[in-house]
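J.: here is my input; please provide its structure:
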Amino acid sequence: MNNLEQIIYDKVKKRIDGWCDDIIKDIYVLSFYIDCELDDMRKPRLTLGYNTNSNLTFSISQATDECEAKWNYAFWLQNEEIVIGENNEGTNKEELQLRDQWVGESQWFYTDTDEEEDFDRTLELGERIVEDFYEIIKNVVKRLHNEGVIIGKFNKALPLIIHELEYYERFIEINQDINPEDCIREFVMWIDSM
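T.: Numbering: from 1, shown residues only. Below is the predicted model:
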């Protein structure tokens, strides 16, 4: 485990532990949304959020069906409980520095000059950086399940979904790998139905 993974785990756990009982009772899914700041693959970013049964009830009328409202991020709260890897003035400095250090030490790191000289090569390197970031987030999610954080707080297993704006086939495999089978089944069936 690296320092970045531990920092992300600690921050996510602390945030979950801080949610009040009313919110805990309403949450049915946690969102681990991954994107890249300014579309720079050397700047992967994680946003922790959740969706609630209350919001689901509200969103059903706006979606094609209940499953879409339940599992499509477009209908979720899209709250930003924690954002790791975002360059906000004066906030998130420790995480940002760790993320930048982690990327800088990566075997896939490239410079702006490298990108200007061989864009295709740096595109491949950037994809590998992002894939390595996914592995860190997958490990965090597995630990949250395996160390009893989720069951301890919610009194049941919840799906902790790693995703982007769009859902691709690979998200089935990723999320099946990191979640207990019973709690991810409905999400997987929804993606399969698309």
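J.: what strand or helix carries residue 51?
T.: strand 44-52 (DSSP states H and E).
J.: ok, and the helix or strand in this protein with the lowest average confidence?
T.: helix 93-105 (a mean of 89; mean pLDDT, DSSP states H and E).
J.: show residues contacting that helix.
T.: 2-4, 7-8, 11, 42-44, 84-87, 109, 129 (Cβ atoms under 8 Å, 6 or more residues apart in numbering). Every residue, glycine included, has its C-beta placed from N, CA and C.
J.: what's downstream of it, the next helix or strand?
T.: Next along from helix 93-105, by DSSP H and E: helix 112-117.
J.: and the angle from the next helix or strand after that following helix to helix 93-105?
T.: Per DSSP H and E, helix 112-117 leads on to helix 119-146 as the next helix or strand towards the C-terminus. Using axes from the mean of the first three to the mean of the last three Cα atoms, to 10 degrees, the inter-axis angle of helix 119-146 relative to helix 93-105 is 130 degrees.
J.: which positions within the very next helix or strand once past helix 119-146 qualify as buried?
T.: Sequence order places helix 149-154 as the next helix or strand after helix 119-146, per DSSP H and E. Neighbour-count burial for helix 149-154, counted by 16 or more other Cβ atoms under 10 Å, picks out 149-150, 153-154.
J.: now helix 149-154 - C-alpha only, CSV.
T.: C-alpha atoms of helix 149-154 as CSV (Å, rounded to 0.1, in the frame of the first residue of the first chain):
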residue,chain,number,x,y,z
VAL,A,149,-16.4,0.1,7.8
ILE,A,150,-19.6,-0.1,5.7
ILE,A,151,-21.4,-2.8,7.7
GLY,A,152,-20.3,-1.1,10.9
LYS,A,153,-21.8,2.2,9.8
PHE,A,154,-24.8,1.2,7.7
